[in-house]
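> Provide a 3D model corresponding to the input given below.
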Amino acid sequence: MALPPRQLALALDHTESYAREDFLSGPGNKDALALIDSWPDWPASAVALVGPEGSGKTHLATIWAAAAGARVISAHALGETDPRSALATGALVVEDAAATQDEHALFHLINLAREEAAFLLFTARKSPPLWPFTVPDVASRLRALPVVTLDAPDDVMLRGLMVKLAADRQLALDEAVVRYLSTHIERSFAAARAAVIALDKEALRQGRPPSRALAAEMFRDGA
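Model (predicted):
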């Protein structure tokens, strides 16, 4: 007996929008957003933006990079990047700054930015004093960085984030689905992203709409 055809979930690219108007503001990120919007009137030329995975650090850094004309590099590339070239526009974002393998390159970058009156925005999951660096001069510079933290999402933020992530994937989630997911996943940005991606893929695989019933099948044992 012939089996019915099975829908395959294709691994399509889904680009998240990092536009200023698509940033979801709330109590947990208002200070970070205020910092980005206040540039160039910053408390120091170098600041650290700290928050958990998926909390909006890259989104905010992208907004600031557009406003400041900043280049964006990964901390992994610091040791292979000419600092004067990186600071050529007078502003630089260093993503995942705690992951750099070259403390001396980081130290030189901070000093050069200060000499040239350039701006630095570091993003990381932990506060600079907790970054795993051992060179005393580097640790001293990092302790002096002003830090702005993005906190875990509240209920409104969590639901809004899921709606945005779904929209980025051209996926329409009705209120019942969002409400169900928000009470059955861990209260974190990473969990919200993972849930939306999983629901999208499973709905496509089964050829079903991303309904509350499907969400209940997948997440009934969640938080």
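> low-confidence ranges in the chain?
The chain contains residues with pLDDT under 70 at 1-15, 222-223.
> so which residues of this structure form strands?
46-50, 71-74, 91-95, 119-124, 147-149 (DSSP state E).
> so which bits of the last one are buried?
When neighbours are counted by 16 or more other Cβ atoms under 10 Å, the buried residues of strand 147-149 are found to be V147, V148. C-beta: built from backbone N, CA, C; applies to glycine.
> given it, what are its sheet partners and their directions?
strand 46-50 (parallel) (DSSP bridges).
> between the strand it pairs with and strand 91-95, how big is the angle?
For strand 46-50 against strand 91-95, the angle by axes from the mean of the first three to the mean of the last three Cα atoms, to 10 degrees is 30 degrees.
> then strand 46-50 to CSV, C-alphas only?
Output of strand 46-50 as CSV, limited to C-alpha atoms (Å, rounded to 0.1, in the frame of the first residue of the first chain):
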residue,chain,number,x,y,z
ALA,A,46,34.4,52.3,25.9
VAL,A,47,31.4,50.4,27.4
ALA,A,48,30.3,46.8,27.8
LEU,A,49,26.9,45.5,26.9
VAL,A,50,26.2,42.4,28.9
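> from now on call the first residue 8
Right, with 8 as the first residue, what we last looked at is strand 53-57.
> how far does it sit from its chain's centre?
The chain centroid and the centroid of strand 53-57 are separated by 13 Å, computed with Cα atoms, centre = their mean, to the nearest Å.
> could the strands of the chain be laid out in JSON lines, adding distance to A39?
Shown next, in JSON lines, are the strands of the chain (distance: least, Cβ to Cβ, whole Å):
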{"stretch": "strand 53-57", "distance to A39": "6"}
{"stretch": "strand 78-81", "distance to A39": "17"}
{"stretch": "strand 98-102", "distance to A39": "14"}
{"stretch": "strand 126-131", "distance to A39": "10"}
{"stretch": "strand 154-156", "distance to A39": "5"}
